[in-house]
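> I would like to see how this sequence folds:
(2 chains)
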Amino acid sequence: MAREASTIKTRNRLNRGDGGWAYAFIAVALVVYAMFTAYPVISAFIISFQNYQPLGSTYVGFENYENVFKSALFWKAMGNTVIYTLLTVPVALLLSFGVAILIMPLRKWMQTSFKAIYYLPAVASGVALSVVWLWIFDPMQGGILNQLLGAFGIPSQNWLGSSSTSMFSLVLMSWLSSHGTSIIIYVAALLGIDNSYYEAADIDGASFLQKMWHIVIPCLKPTTLFLLVTGVIGSFQVFQNAYLMTGGGPDHSTTMVGLLIFDTAFKYFEFGDAAAQSLVLALVIAIMAFVQFKFLGKDVEY
Amino acid sequence: MGLYNNHLGNSLLKSARNAVIIILLLLFALATLFPIYFMIISSFGDPIEAGAVSYSIWPEKFSLESYKFFFNYSEYSYRWLANSLLVATVTMVSNVVFATMAGYAFAKISFRGSKVLFAILLGAMMIPYQVTQVPLYILIVNVFDISNTYRALIAPSLVTVYNIFLAKQFMSSIPKEILESAKVEGCSQFQILTRIVMPLSKTVMAVMAILTFMESWNTFFWPFLVTNTMDMQTIQVGLKNFRFANTTYFAPMMAGATVSALPMFILFFSLQKYFLEGVTVGAVKG
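This next block holds a predicted model:
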């Protein structure tokens, strides 16, 4: 007891006067945060109740929100976003989980090389990759994807130009883009599983699949939850690929909420509507993250 | 031992298993690397209109004409690279400096309000960027009236919450006894930070530097919003403009894409360790 009290005292004495240093260390960070994050968030709330004009906005109550919910395009964009998320996030999780499992028995240098290879596309800019994919999806007979499918007797498709294939094209692009981050996180988690579990399972004569089912999958649940939640959040904000590849078309078949907000704000300059849309999106994302933690995270410890 | 059974009886079976695994992994690698491969080999083709070319997935020609075509498109094309380099470098340095300072304060100094402030900062990571983009645009373009300047490109990302979080996580594991003894020896907090904490945090500072540089180099959206003349654009925005202006020039477009991606590839291959480490530093105990 006495010793504890004395250490606390020493610590207090040691820390005395450091508050000033601490505030000095965080000062720039706080100013940047206040100016470029906190203020814009508050401002977004205010703008969402206004008919924004650079000189003198007028208060319009909930009109912007009513516009959002009445707009058929907003619901279509939401639907597109949900479809895109359902088609990309689970596939990304499965692929990266599978690859991580396959990497495990290899030698260290091979593990590192494969991790580097799978991560590589993530360092290329989204604009550069979109330029490349645009040509892969070239609708002419000689387009790369059409050539490839032609070899299997499948007729040429107008990938990005037809509303029946445009969404699938974006999904395909996402499937074949970098899963490096998730793979690396899964490998780290797999390496973190204590060997004694496997040893106990070996003694009991468990097969590979039993070990997977009873050890690996439960142990990786927190990792999977983390990747799922971040994946869904990221997917709901998707903007760049849709903007650069299809511009949301044809016929709004690839207009996702992120792109719709961009168009509302910077194509039609309806800042009030855009702010309302973005806050609705933030709410949807928050609810989804909460639900995922609530229902899937029950027995997950952090 | 481990997930895989190593007692398969004979080593032949084990090598066969590993061979199958490697083939599967290579096939997946082929699929993910194909766009990059295709971009690079196609960039060496001739700068002629697409109607006249048939794409090949094998390297057939080696000519730098398409690169010339890309750089000749605009008198500012070299400047795009310089702009990107400048913006990314300043953003990187300021993030490393300020996030290290703030991370240390939040991790190791007890001061009034530290928990609340950190929680408020973290809260920002939950907010989708769409919420802030319109007010931020108004702030920079209408209120500060600095659109089309380097300040506009750099200011909003001077220091990111993610980097502060990264630094704090890493520095929390520095034993406090070291810091306390330095204190007893009469070091000020500033000396502790520069002489003890920073040398011990080289890894996380390197990770922050690289990831921030890459993020800034690759970012498209913000520079696209706040620049309106070609001389102020970054390479990503320039590439997009080039693409829309020359929709049929296949090889030059690939050359442009390669130009925008190549610096990151070089960085990646020379500092691979930090890239791969960066992924896990941020995710563990997220």
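
> next one, pLDDT for the residue nearest to the spatial centre of chain B please.
The residue lying closest to the centre of chain B (Cα atoms, centre = their mean) is residue B:214, at 2.3 Å. On pLDDT, residue B:214 comes in at 92.

> contacts only, for it.
Contact analysis of residue B:214 by Cβ atoms under 8 Å, 6 or more residues apart in numbering or on different chains lists A:123, B:264, B:267, B:275. Backbone N, C-alpha and C define where each C-beta goes, glycine included.

> what do you get for residue A:136?
By Cβ under 8 Å, 6+ apart, residue A:136 lies in contact with A:143, A:144, A:145, B:35, B:38.

> burial count for the second one?
Read that as residue A:144. Applying other Cβ atoms under 10 Å in any protein chain shown, we find 20 residues neighbouring residue A:144.

> and what of the fourth one?
Residue B:35 has 24 neighbours, counted by other Cβ under 10 Å.

> tell me which helix or strand the nearest residue to it once chain neighbours are set aside sits in.
The shortest distance from residue B:35 to any residue other than its chain neighbours is 4.6 Å, reached at residue A:132 (Cβ to Cβ, 6 or more residues apart in numbering or on different chains). Residue A:132 is part of helix A:126-136, with elements assigned from DSSP states H and E.

> quickly check: the helix or strand just after that helix near chain B or not.
Later in the chain than helix A:126-136, the nearest helix or strand by DSSP H and E is helix A:144-150. Yes - interface with chain B: helix A:144-150 contributes A:144, A:147 (Cβ under 8 Å from any Cβ of the partner chain).

> helix A:144-150 packs against which elements?
Other elements packing on helix A:144-150 under the criterion 3 or more Cβ pairs under 8 Å, 6 or more residues apart in numbering or on different chains; DSSP states H and E are helix A:126-136.

> please repeat the previous calculation with a cut-off of 10 Å.
helix A:126-136, helix B:11-42 (3 or more Cβ pairs under 10 Å, 6 or more residues apart in numbering or on different chains; DSSP states H and E).

> show the contacting residues for residue B:239.
Applying Cβ atoms under 10 Å, 6 or more residues apart in numbering or on different chains, we find residue B:239 in contact with A:125, A:127-128, A:130-131, B:70, B:77, B:80, B:220, B:233, B:253, B:256-257, B:259-261.

> for residue A:251, which non-adjacent residue is spatially closest?
Spatial nearest neighbour of residue A:251, excluding adjacent residues (Cβ to Cβ, 6+ apart): residue A:163 at 4.7 Å.

> A helix includes the one you found, no?
No - counting by DSSP: H, G, I helix; E, B strand; the rest coil, residue A:163 is not found in a helix; it is coil.

> surely residue B:273 touches residue B:203?
Yes - between residue B:273 and residue B:203 there is a contact at 9.5 Å, judged by Cβ atoms under 10 Å.

> could you list the buried residues of the longest helix along chain A?
In chain A, taking DSSP state H as the definition, the longest helix is helix A:72-103. For helix A:72-103, the neighbour count (16 or more other Cβ atoms under 10 Å in any protein chain shown) marks A:74, A:76-78, A:80-81, A:84-85, A:87-89, A:92-93, A:95-103 as buried.

> of those, which ones also sit close to chain B?
A:95, A:98, A:99, A:101, A:102, A:103 (Cβ under 10 Å from any Cβ of the partner chain).

> for the third one, give me the pLDDT.
The one in question is residue A:99. Residue A:99 is assigned a predicted lDDT (pLDDT) of 94.

> likewise the last one?
Confidence per residue is given as pLDDT, and for residue A:103 that number is 91.

> surely it and residue A:187 touch.
Yes - at 5.9 Å, residue A:103 counts as touching residue A:187 under the criterion of Cβ under 10 Å.

> follow-up on the earlier one: export the helix holding residue A:132 as PDB, just CAs?
This file holds the C-alpha atoms of helix A:126-136, laid out as PDB (Å, rounded to 0.1, in the frame of the first residue of the first chain):
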ATOM      1  CA  GLY A 126      -6.800   4.300 -58.600                       C
ATOM      2  CA  VAL A 127      -6.800   6.500 -61.600                       C
ATOM      3  CA  ALA A 128      -4.000   4.500 -63.300                       C
ATOM      4  CA  LEU A 129      -5.800   1.200 -62.600                       C
ATOM      5  CA  SER A 130      -9.100   2.600 -63.900                       C
ATOM      6  CA  VAL A 131      -7.400   3.600 -67.100                       C
ATOM      7  CA  VAL A 132      -6.100   0.100 -67.600                       C
ATOM      8  CA  TRP A 133      -9.500  -1.600 -66.700                       C
ATOM      9  CA  LEU A 134     -11.200   0.700 -69.100                       C
ATOM     10  CA  TRP A 135      -9.300  -0.900 -71.900                       C
ATOM     11  CA  ILE A 136      -9.600  -4.400 -70.500                       C
END
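
> pLDDT of the helix or strand containing residue B:135, averaged?
Residue B:135 is part of helix B:129-138, with elements assigned from DSSP H and E. Averaging pLDDT along helix B:129-138 yields 91.

> which helices and strands does that helix pack with?
Using 3+ Cβ pairs under 10 Å, 6+ apart, helix B:129-138 sits against helix A:39-47, helix A:257-266, helix A:271-296, helix B:221-226.

> is the very next helix or strand once past that helix positioned near chain A?
Note on helix B:129-138: by DSSP H and E, the next helix or strand toward the C-terminus is helix B:150-154. No - shown here: helix B:150-154 not in contact with chain A (Cβ under 10 Å from any Cβ), separated by at least 10.8 Å.

> what's whichever helix or strand comes after helix B:150-154 packed up against?
Heading C-terminal from helix B:150-154, the first helix or strand you meet, by DSSP H and E, is helix B:161-171. The contact analysis (3+ Cβ pairs under 10 Å, 6+ apart) places helix B:161-171 against helix A:18-33, helix B:77-108, helix B:114-123, helix B:198-200, helix B:202-218, helix B:272-283.

> can I get those in CSV including distance to residue B:184?
Converted to CSV, the helices and strands packed on helix B:161-171 look like this (distance: least, Cβ to Cβ, whole Å):
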stretch, distance to residue B:184
helix A:18-33, 14
helix B:77-108, 15
helix B:114-123, 22
helix B:198-200, 18
helix B:202-218, 25
helix B:272-283, 31
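
> and stretch A:191-200, what's buried?
A:193, A:197, A:198.

> specify which member of those is nearest to chain B.
Distance ranking of these against chain B, using Cβ to the nearest Cβ, places residue A:198 first at 5.3 Å.

> does that closest one really touch residue B:4, like I thought?
Yes - the pair residue A:198 / residue B:4 is scored as a contact, 9.0 Å apart, by Cβ under 10 Å.

> quick check: neighbours shared by the two?
residue A:211.

> got the domain ranges for chain A?
A:18-48, A:71-297 (the TED database).

> which residues does stretch A:242-249 contact?
By Cβ under 10 Å, 6+ apart, the surrounding residues in contact with stretch A:242-249 are A:73, A:77, A:80-81, A:84, A:126-127, A:129-131, A:133-134, A:137, A:159-161, A:163, A:166-167, A:169-170, A:173, A:252-256, A:258-260, A:262-263, A:267, B:220-221, B:224, B:240, B:243-244.

> of these, buried ones?
Those of the contacts of stretch A:242-249 that meet the buried threshold are A:77, A:80-81, A:84, A:126-127, A:129-131, A:133-134, A:137, A:159-160, A:166-167, A:169-170, A:173, A:252-256, A:258-260, A:262-263, B:220-221, B:224, B:240, B:243, by 16+ other Cβ under 10 Å.

> so chain B: which segments form each domain?
Using the TED database, chain B is parsed into the domains B:1-73+B:248-260, B:75-241.

> tell me how far residue B:256 lies from residue B:227.
Distance from residue B:256 to residue B:227, counting by Cβ to Cβ, to the nearest Å: 17 Å.

> looking at the two, which one has more neighbours?
The neighbour comparison of residue B:256 against residue B:227 (other Cβ under 10 Å) goes to residue B:256, with 32 against 21.
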